[in-house]
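[1] Only the shape, not the letters, is given here:
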């Protein structure tokens, strides 16, 4: 039966309603029945994988991007907004054909995954109301709790250390977004701008690779990994970009009421500058072994210069020296 199916499917060079019917029973048998039967030494897995790739290629040649994706996932598929909406519409269809039902059953993503993905993208675009709306449609994924407090801003980045800290308040992903929204509204109303902007800077910093909240962007579409190299180029660029954090730290600095607050903002800005340096020196390179050891681990960033030249009398200055070896080295020059 397996050989007859392979021969039959391989004869099809264009999917239509007629030849589609000739493979439906075998597809159900191959994808859903055989895995339950546990037939000893019956190696059907390669045929199942080949058939999915073959059907995907057929649908792709016929400009049916959704069915092509359902049978064989394309890592770049969800980069196109039109594709995202097309899959969502398809999954919501009540009148799927038999082969469409088969395709949707073998697809390992669902509407919750897609809505969570859209919420993440909207957050990185600073479209928080939109992100909240998507996250609310992500079912239980919206209730995933952060390991560390995403609104904390530390002198040194150590997400494991922050995960181990006792937290008075644990934030779920939807609570994280709604809290950001409230803080942004307060800034727009000119209410406690320094505190709100500082916390927003921390929030957008922590959802980058460098912060304590990588769990926010990880998922079944974006993927998982402890290094930017674990992700494709477009994602790597997104999760290492600190521009939003930098923007809010600058807002906080402009609203700061004293030198202690200004000192902290300058150091946080320096962390963003450091990460930009890392991005260009390390993460822009596709092969780790291409990196040349130039013996330079850090630069005299603007934040470092301002902290040393303008705020050396603050307690925060001393705190940074105690925790940041780079700044300590720079400060004694």
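    Great, that's in hand. Nothing here was measured: the structure is a model prediction, and the numbers come from that model. Numbers count the residues shown, from 1 in each chain.
[2] rest of the way, CA atoms for contacts and neighbours
    Fine.
[3] Spatially nearest residue to residue 139 (excluding sequence neighbours)?
    residue 112 (6.1 Å; CA to CA, 6 or more residues apart in numbering).
[4] Give the burial count for that neighbour, as a bare number.
    Residues within reach of residue 112, counting by other CA atoms under 10 Å, total 20.
[5] is it true that it touches residue 142?
    No. The pair residue 112 and residue 142 fails to qualify as a contact (CA atoms under 8 Å) at a distance of 9.2 Å.
[6] where along the stretch 51-200 of the chain do the helices fall?
    Remark: helices assigned in the stretch 51-200 of the chain by DSSP state H, counting those that start in this stretch are 65-71, 81-92, 98-106, 111-124, 128-136, 159-164, 173-188, 193-206.
[7] Return the most buried member of the ones you listed.
    Mean neighbour count (mean count of other CA atoms under 10 Å) peaks for helix 193-206 among the helices of the stretch 51-200 of the chain, with a mean of 25.
[8] what's the residue nearest the centre of the chain in contact with, if anything?
    Nearest to the mean C-alpha position of the chain, by CA atoms, centre = their mean, lies residue 217 at 2.8 Å. Contacts here follow CA atoms under 8 Å, 6 or more residues apart in numbering; on that basis residue 217 touches 117, 120, 207, 239.
[9] gap between it and residue 111?
    16 Å (CA to CA, to the nearest Å).
[10] Next: residue 255.
    With distances taken as CA to CA, residue 255 is found 42 Å from residue 111.
[11] I'd assumed residue 320 was in contact with residue 327.
    Yes. Residue 327 is within contact range of residue 320, at 7.2 Å (criterion: CA under 8 Å).
[12] Between those two, which has more neighbouring residues?
    residue 327 (23 against 20).
[13] mind putting the contacts of residue 217 in JSON lines, distance to residue 307 included?
    Below are those laid out as JSON lines (distance: CA to CA, whole Å):
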{"residue": "117", "distance to residue 307": "38"}
{"residue": "120", "distance to residue 307": "33"}
{"residue": "207", "distance to residue 307": "25"}
{"residue": "239", "distance to residue 307": "27"}
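[14] could I get those as JSON lines with pLDDT and distance to residue 306?
    Below are the contacts of residue 217 laid out as JSON lines (pLDDT from 0 to 100; distance: CA to CA, whole Å):
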{"residue": "117", "pLDDT": "98", "distance to residue 306": "38"}
{"residue": "120", "pLDDT": "98", "distance to residue 306": "34"}
{"residue": "207", "pLDDT": "98", "distance to residue 306": "26"}
{"residue": "239", "pLDDT": "97", "distance to residue 306": "27"}
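[15] one step back: rank the helices of the stretch 51-200 of the chain by pLDDT, which is bottom?
    Least confidently modelled of the helices of the stretch 51-200 of the chain is helix 159-164, at a mean of 93 by mean pLDDT.
[16] And for residue 241, the neighbour number?
    Residues near residue 241, counting by other CA under 10 Å, number 21.
[17] can you start the count at 624 instead of 1 from here on
    From this message on, residue numbering opens at 624, which makes the last subject residue 864.
[18] and it, helix, strand or coil?
    coil (DSSP: H, G, I helix; E, B strand; the rest coil).
[19] and the gap between the residue nearest to it when sequence neighbours are not counted and residue 924?
    Using CA to CA, 6+ apart and skipping the chain neighbours, the partner closest in space to residue 864 is residue 831 (6.8 Å). Counting by CA to CA, the gap from residue 831 to residue 924 is 20 Å.
[20] what does residue 884 give?
    Distance from residue 884 to residue 924, by CA to CA: 19 Å.
[21] For the host helix or strand of residue 890, which helices and strands make contact with it?
    Using DSSP states H and E, residue 890 sits within helix 882-901. Helices and strands touching helix 882-901, by 3 or more CA pairs under 8 Å, 6 or more residues apart in numbering; DSSP states H and E, are helix 866-878, helix 925-933, helix 938-946.
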